[in-house]
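Q: Return a 3D structure for these sequence lines:
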Amino acid sequence: MTGSQRTIIAASPNCFLEFNPFVAYRHFPSVGIRFVEIPAAPSGFGMFAPELMETADVERLKERLAGIGVTPISVGAYCDLLQPRLVEALRRRIDFAQQLGAINVVSDATRQLEVDAEQWRKLVNILRYLGDYAADRGVRIALETHGGLTRNGGLALKLLQAVDHPTIGLNYDTGNIYYYNDNLDPAEDVKQVADRVVQVHLKDTAGGKGEWEFCALGDGRVNFPAIIAELQAAGFHGPYSLELEGRRGEDFNREQHLARIKKSIDYLRRIGLVSDSSG
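A: So this is what the prediction gives:
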């Protein structure tokens, strides 16, 4: 399935939700995962705050990650860009990604479900400005299929077409399509936007809209072979990043989280996305 080009497999520390990210980073190499996301949302979700880090602090972080055997591939920012203070926060996270050597910054556009004409114009102009800022630093902005104007591929495509910037694409979260939408199949939805995808969150779910039922890959509703085929036909080869956020109410220990990751990697190996040379 993967063809001749190397597929990049990564993971988010959200695979060990409620644990310190370094718990995840230390476990990932044992299952062959060498690329990782760095959580840096301004809301404080995660542990990394670029505003509080000097250049030497970032260098120490890079060294610590390298010592573990993992490399930053993306920074999770999740800024609502209709809030002026969060525009500056995203700029800082773009700088942070450049310092880390990461290629993507994952963000929201806005969590608002609807905007008026003036807000739309403002958002498009902000994204063009941030796209230029990111391009100058060799970083891409990946808008996630979260709640709001990018909650599915069809809606995200309208915004991406309006912005029309080569540095701004989509982080397609396969499980979020079910979580934020009514009866929308990501295997069909992704067809509209596959050529705009610059990162994928591999997430499966046994639930529907608003149901936090994120299971091991292959145990839920998501048709990964169909989605991956669409993405590969559009020339996408990663990063595919595991984001296994678990089920509401569960209380997993580290070994249980790791077992779910191993099960998911085994599934990706069976469908041909992961090979011994991936990662």
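Q: Can you report how many residues lie near Y267?
A: By the measure other C-beta atoms under 10 Å, the count of residues near Y267 is 18. Yep, even glycine has a C-beta here, placed from its N, CA and C like the rest.
Q: The closest residue to it other than its chain neighbours: what secondary structure?
A: Taking C-beta to C-beta, 6 or more residues apart in numbering as the measure, Y267 lies nearest to G218, with 3.6 Å between them; neighbours along the chain are not counted. Secondary structure assignment for G218 (DSSP: H, G, I helix; E, B strand; the rest coil): coil.
Q: buried set for stretch 257-265?
A: If you call a residue buried by 16 or more other C-beta atoms under 10 Å, then stretch 257-265 has these buried ones: 257-258, 260-261, 264-265.
Q: nope, stretch 38-51 is what I meant
A: Buried residues in stretch 38-51, counted by 16+ other C-beta under 10 Å: 38-42, 46, 48, 50.
Q: So what touches stretch 118-131?
A: Contacts made with stretch 118-131 from outside it, assessed by C-beta atoms under 8 Å, 6 or more residues apart in numbering, are listed as 81-82, 87, 90-91, 94, 109-110, 112, 115, 141, 149, 159, 162-168.
Q: same thing but at 6 Å, please
A: Stretch 118-131 is touched from outside by 81, 87, 162-163, 165, 167-168, with contacts defined as C-beta atoms under 6 Å, 6 or more residues apart in numbering.
Q: before we move on, the earlier item: which one of the buried residues of stretch 257-265 is nearest to N181?
A: Taking C-beta to C-beta as the measure, N181 sits nearest to S264 out of the buried residues of stretch 257-265, at 22.7 Å.
Q: Based on its surroundings, how many neighbours for L52?
A: L52 has 7 nearby residues by other C-beta under 10 Å.
Q: what sits against it?
A: Remark: with contacts taken as C-beta under 6 Å, 6+ apart, L52 is in contact with nothing.
Q: repeat for L244
A: Residues in contact with L244, defined by C-beta under 6 Å, 6+ apart, are 15, 260.
Q: biggest helix in the protein, by residue count?
A: Secondary structure assigned by DSSP state H gives helix 117-135 as the longest helix of the chain.
Q: And the furthest pair within the buried residues of stretch 38-51?
A: Maximum pairwise distance in these, criterion C-beta to C-beta, is 13.8 Å, between I38 and P42.
Q: what's the spacing between D116 and L82?
A: 11 Å (C-beta to C-beta, to the nearest Å).
Q: Neighbour count: these two, which is higher?
A: For the pair D116 and L82, the greater number of neighbours falls to L82 (20 against 9), based on other C-beta under 10 Å.
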